[in-house]
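Asks: coords below, sequence missing:
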Ligand SMILES: *[C@@H]1O[C@H](CO)[C@@H](O)[C@H](O)[C@H]1NC(C)=O
């Protein structure tokens with residue numbers, strides 16, 4: 001008669017152990033970056049980086065810093081589309097720790113545009129380009145994986161995220177990536193000492209919805225016309 005009740009106690013103790021162990025598991029998974037559907041952001045999958053606040057522009061695209069230049073590949077900065085209907089170009093995240101499949105908060109990442117349409121010899125990898133003349137640090141393309149000026153991190157910003165430039169793997173040396181609207185109205189990604197750009201991640205080419213794929217392929221001519229304003 002004692003045996004069933006003993007095993008009941010054992011079970012109860014076991015379930016208490018399992019229940020109390022659960023918050024620890026949660027703490028680990030809360031370090032994972034989530035997309036807008038609530039799924040973990042995976043390294044080397046494609047995501048649109050979109051503003052967290054609705055009605056504040058669209059996704060991210062490359063755009064020449066100087067509209068008067070003949071060389072349209074010169075100083076290609078990353079700008080936010082002013083139209084909320086443009087998702088921009090998809091981005092992939094490559095963690096410094098190549099063994100992790102899930103993108104974690106506050107860890108070193110390389111970011112790269114993933115686009116079949118690419119008209120410049122420069123790489124699609126994001127980097128920081130400091131302009132001495134303009135006394136500003138732009139987020140540009142043409143970076144190199146593993147190089148100091150191409151390391152970024154994703155950190156929490158309210159209930160969404162922000163991008164930070166973190167030349168070393170420590171979070172101490174990070175600087176906010178923010179938006180700055182230039183004289184021509186372009187919304188450029190720059191390093192900032194007082195603001196951040198609050199973003200979310202939307203998976204591109206979601207297999208559950210062909211809708212993104214279609215809207216994306218219709219978008220390409222639009223991107224190109226933004227990129228080459230004179231053509
Ligand atoms: C970075 O952005 C946060 C908002 O996420 C802001 O509170 C903080 O002041 C910014 N810090 C710097 C040094 O720019």
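Replies: Arrived safely. What you are looking at is a predicted structure, and each value in this text was computed from that prediction instead of being measured.
Asks: show me what from the protein comes close to the ligand.
Replies: Within reach of the ligand by C-beta under 6 Å from any ligand atom, the chain has these residues: 157, 162, 176, 192-194, 196. Every residue, glycine included, has its C-beta placed from N, CA and C.
Asks: by neighbour count, which of the residues you listed wins?
Replies: Neighbour counts for the residues of the chain next to the ligand (other C-beta atoms under 10 Å) peak at residue 162, which has 20 neighbours.
Asks: quickly list what that residue is bridged to.
Replies: residue 155, residue 198 (DSSP bridges).
Asks: quickly check the residues of the chain next to the ligand for the two that are furthest apart.
Replies: In the residues of the chain next to the ligand, two members sit farther apart than any others by C-beta to C-beta. They are 157 and 193, at 15.6 Å.
Asks: tell me where this structure is predicted with low confidence.
Replies: 1-30, 206-231 (pLDDT under 70).
Asks: measure the residue nearest the centre of it to the ligand for me?
Replies: Residue closest to the average C-alpha location in the chain (C-alpha atoms, centre = their mean): residue 49, at 5.2 Å. Distance, residue 49 to the ligand, by C-beta to the nearest ligand atom, to the nearest Å: 15 Å.
Asks: after whichever strand or helix holds that residue, which helix or strand is next? Please name it.
Replies: Element membership for residue 49, per DSSP states H and E: strand 47-51. Downstream of strand 47-51, the next assigned helix or strand under DSSP H and E is strand 60-64.
Asks: now that following strand: buried residues?
Replies: 60-64 (16 or more other C-beta atoms under 10 Å).
Asks: wait, which of the residues you listed is closest to the ligand?
Replies: Nearest to the ligand among these: residue 60, at 18.0 Å, using C-beta to the nearest ligand atom.
Asks: okay, strands next: where are they in this protein?
Replies: Applying DSSP state E to the chain gives strands spanning 47-51, 60-64, 76-80, 91-95, 109-113, 126-131, 136-141, 152-157, 160-165, 175-181, 187-192, 198-203.
Asks: rewinding a little: what sits up against the strand holding residue 49?
Replies: 35-36, 41, 57-60, 80, 87-93, 163, 197-204 (C-beta atoms under 8 Å, 6 or more residues apart in numbering).
Asks: chain center to that strand: distance?
Replies: 7 Å (C-alpha atoms, centre = their mean, to the nearest Å).
Asks: who's the residue nearest to the centre of the chain bridged to?
Replies: Applying DSSP bridges, one finds that residue 49 bridges with residue 201.
Asks: what about it, distance to residue 133?
Replies: 28 Å (C-beta to C-beta, to the nearest Å).
Asks: same check on residue 122?
Replies: Separation of residue 122 from residue 133 (C-beta to C-beta): 20 Å.
Asks: which of these two has more neighbours?
Replies: residue 122 (16 against 5).
Asks: tell me who's in contact with the more buried one.
Replies: Residue 122 touches 73, 76, 141-142, counting by C-beta under 8 Å, 6+ apart.
Asks: closest to the ligand out of these?
Replies: residue 141 (23.2 Å).
Asks: report the contact partners of that closest one.
Replies: By C-beta under 8 Å, 6+ apart, the neighbours of residue 141 are 62, 76-78, 113, 120, 122-127.
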